[in-house]
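[1] just coords:
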């Protein structure tokens, strides 16, 4: 089988595993663990949230053993970056999985996400912009003048839900609060990263992570996940708005009735769609190309050389 590596991502909303060899992916797993629960308010990872993630990592270690993983890398992102006890969690996670572990800064996260999301993409005369909507942060990255320009926005589906939108039916007050929060972060991104304004209105937008993948499943009406129907699916602006509006008018339990809704995302997906919709508008993108290749693929590629 040759060299087999593992890439693990302790994200704000999910904990994920990719096992890959020189011939490609051997195993992909994802579990909703909501590591970021309460972090935005307390700047501390809750013990229960940490334990949920550690339990899943223990299961992943068993999978890695079964597949003869020789080495790997675990990365932690927004929730762990923002928490006072982030290093403590990282040390515990490393003991469970037995591979190197690192907390990524926003640029490192964007770089690996860009690397993974652009694997296998056809050439395009437009600039390729990726938006990685996570639980605690959302990364924007574009290759401009042969350098990767990126920004990590303090916007994620969990953070926007907890701070502004709420998890239930969205009223006018919460709608306005979420839009204001998102627009302010986009203003910061455009102020600090000159390349964004220069590529706006001429980008191929590639969306990745749970918000976009779940939207693609909803659009396809999938009751069972099928990667080939989600990966590189094209979703237009009207699709994003339709689902954002539909879900905003429903309680979380009602959202679960839609084929394609992932259990564990029903309370936060709406916030993620608010972020996606705003990014599309700010960059003048009429559609988003979904990518199921993401930061895990970027990590695996870097490990395999």
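    Thanks, I have it. Since the structure is predicted, the reported quantities are computational estimates derived from the model, not experimental observations. Numbers count the residues shown, from 1 in each chain.

[2] which residues of the stretch 1-150 of the chain score low on pLDDT?
    Counting by pLDDT under 70, the ranges of the stretch 1-150 of the chain that qualify are 1.

[3] now the strands for it?
    Ranges of strands in the stretch 1-150 of the chain, per DSSP state E, counting those that start in this stretch, are 4-10, 14-21, 24-32, 71-76, 100-103, 127-133, 138-144, 147-153.

[4] surely residue 30 meets residue 11?
    No - counting by Cβ atoms under 8 Å, residue 30 stays clear of residue 11, with 9.4 Å between them. Yep, even glycine has a C-beta here, placed from its N, CA and C like the rest.

[5] with neighbour numbers in mind, choose between those two.
    Using other Cβ atoms under 10 Å as the criterion, residue 30 and residue 11 rank with residue 11 on top: 31 against 19.

[6] which ones are touching the more buried one?
    35, 77-79, 134-135, 209 (Cβ atoms under 8 Å, 6 or more residues apart in numbering).

[7] and the gap between residue 147 and residue 110?
    12 Å (Cβ to Cβ, to the nearest Å).

[8] likewise residue 91?
    The value you get for residue 91 to residue 110, if Cβ to Cβ is used, is 25 Å.

[9] which one of these two has more residues nearby?
    Under the criterion of other Cβ under 10 Å, the comparison of residue 91 against residue 110 puts residue 110 first, with 27 against 10.

[10] right, and that one touches residue 139 too?
    Yes - using Cβ under 8 Å, residue 110 is in contact with residue 139, at 4.0 Å.

[11] about what we covered before: make a markdown table out of the contacts of residue 11 and add distance to residue 24 and neighbour count.
    Shown next, in a markdown table, are the contacts of residue 11 (distance: Cβ to Cβ, whole Å; neighbours: other Cβ atoms under 10 Å):
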| residue | distance to residue 24 | neighbour count |
| --- | --- | --- |
| 35 | 28 | 31 |
| 77 | 24 | 30 |
| 78 | 28 | 30 |
| 79 | 29 | 32 |
| 134 | 24 | 32 |
| 135 | 27 | 33 |
| 209 | 20 | 30 |
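
[12] just the ones of those in helices?
    Under the assignment DSSP state H, these contribute 78-79 to helices.

[13] so which of the contacts of residue 11 comes closest to residue 228?
    Closest approach to residue 228 among the contacts of residue 11 (Cβ to Cβ): residue 209, at 18.5 Å.

[14] isn't the closest one up against residue 132?
    Yes - here residue 209 lies in contact with residue 132, judged by Cβ under 8 Å, at a distance of 5.1 Å.

[15] between those two, what contacts are shared?
    In contact with both residue 209 and residue 132: residue 294, using Cβ under 8 Å, 6+ apart.

[16] which residues touch residue 107?
    150, 152.

[17] quick check: residue 102 vs residue 58, distance?
    Residue 102 is 20 Å from residue 58, by Cβ to Cβ.

[18] can you check residue 74 too?
    The value you get for residue 74 to residue 58, if Cβ to Cβ is used, is 13 Å.

[19] which one of these two has more residues nearby?
    Between residue 74 and residue 58, residue 74 has the larger neighbour count (other Cβ under 10 Å), namely 24 against 11.

[20] alright, that wraps it up for me.
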